[in-house]
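Chemist: What follows is a predicted protein model with its sequence.
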Amino acid sequence: MLISIRALRKIYSMGEVEVRALDGVDLEVAAGEYVAIMGPSGSGKSTLMNLIGCLDTPSTGEYVLNGQRVSELDDTELAAIRNREIGFVFQTFNLLPRATALANVELPLIYARVSASERHRRAREALVKVGLGDRARHQPNELSGGQRQRVAVARALVNNPSILLADEPTGNLDSRTSKEIMDLFDRLNEAGNTLVVVTHEEDIAAHARRVVRMLDGRVLADERRPGAVGAEP
């Protein structure tokens, strides 16, 4: 199992008040799945995303990612896991404004200390994969919103991560461009990539093969669709 979460809790202390952002979550995700995590504001979906992405640590419980018990790692070890195992796609793109598309995609490889020639090769391949092979030398302000998000997807893919983790990936895009990005996600999943998408939009979640619905820090429902990885025949 790629992701195995058991009794995960995240408690924030706000003065004398304790807020249970996550309250005993159990979740497993197999390699190759396409999962949407949904829920209203305050449901815990963003907290769960941060824990899955190794951006935060749980108060209690166990998180095993690709065979490694990441719930027990320190910040330095978590950073290494993030760079190796997880590709992030954010609503706001998070691109360096004065760097080219190619340079933006290369960033995770710089942190991984990959040689310059290998960085260039892999970054170009990732841009081709998302349909932007001819935009490698363009800066973000020379690209449309959809193209910028494609650069962000290429950057997320360049390290061949175990998981592509997307947080409201179409939140800043119009409906036509949103469809283009979600069609790209469909193709990536068909090619074998594991996708976890956090969204509050039903039409975005409709692309996933499985929908996990959250409320008050707990999993309210876990719906598998026909043909999903791990679904019953």
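Modeler: Right, received. Where do you want to start?
Chemist: At which residues are the helices of this protein located?
Modeler: For the chain, the helices defined by DSSP state H occupy 45-52, 75-85, 101-111, 116-129, 145-157, 175-190, 202-205.
Chemist: Using CSV, please lay out the ones you listed together with distance to N66 and mean neighbour count.
Modeler: All C-beta atoms are positioned from the backbone trio N, CA, C, and that covers glycine. Formatted as CSV, these follow (distance: least, Cβ to Cβ, whole Å; neighbours: other Cβ atoms under 10 Å):
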stretch, distance to N66, mean neighbour count
helix 45-52, 12, 22
helix 75-85, 6, 15
helix 101-111, 17, 21
helix 116-129, 20, 17
helix 145-157, 16, 24
helix 175-190, 18, 16
helix 202-205, 25, 16
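Chemist: Columns distance to G217 and mean pLDDT on top of those helices, output as JSON lines?
Modeler: Converted to JSON lines, those look like this (distance: least, Cβ to Cβ, whole Å; pLDDT from 0 to 100):
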{"stretch": "helix 45-52", "distance to G217": "8", "mean pLDDT": "94"}
{"stretch": "helix 75-85", "distance to G217": "22", "mean pLDDT": "90"}
{"stretch": "helix 101-111", "distance to G217": "31", "mean pLDDT": "94"}
{"stretch": "helix 116-129", "distance to G217": "36", "mean pLDDT": "95"}
{"stretch": "helix 145-157", "distance to G217": "27", "mean pLDDT": "94"}
{"stretch": "helix 175-190", "distance to G217": "27", "mean pLDDT": "92"}
{"stretch": "helix 202-205", "distance to G217": "19", "mean pLDDT": "91"}
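Chemist: Select, out of these, the one closest to I5.
Modeler: For these, the distance to I5 is smallest for helix 45-52, at 7.8 Å, taking Cβ to Cβ.
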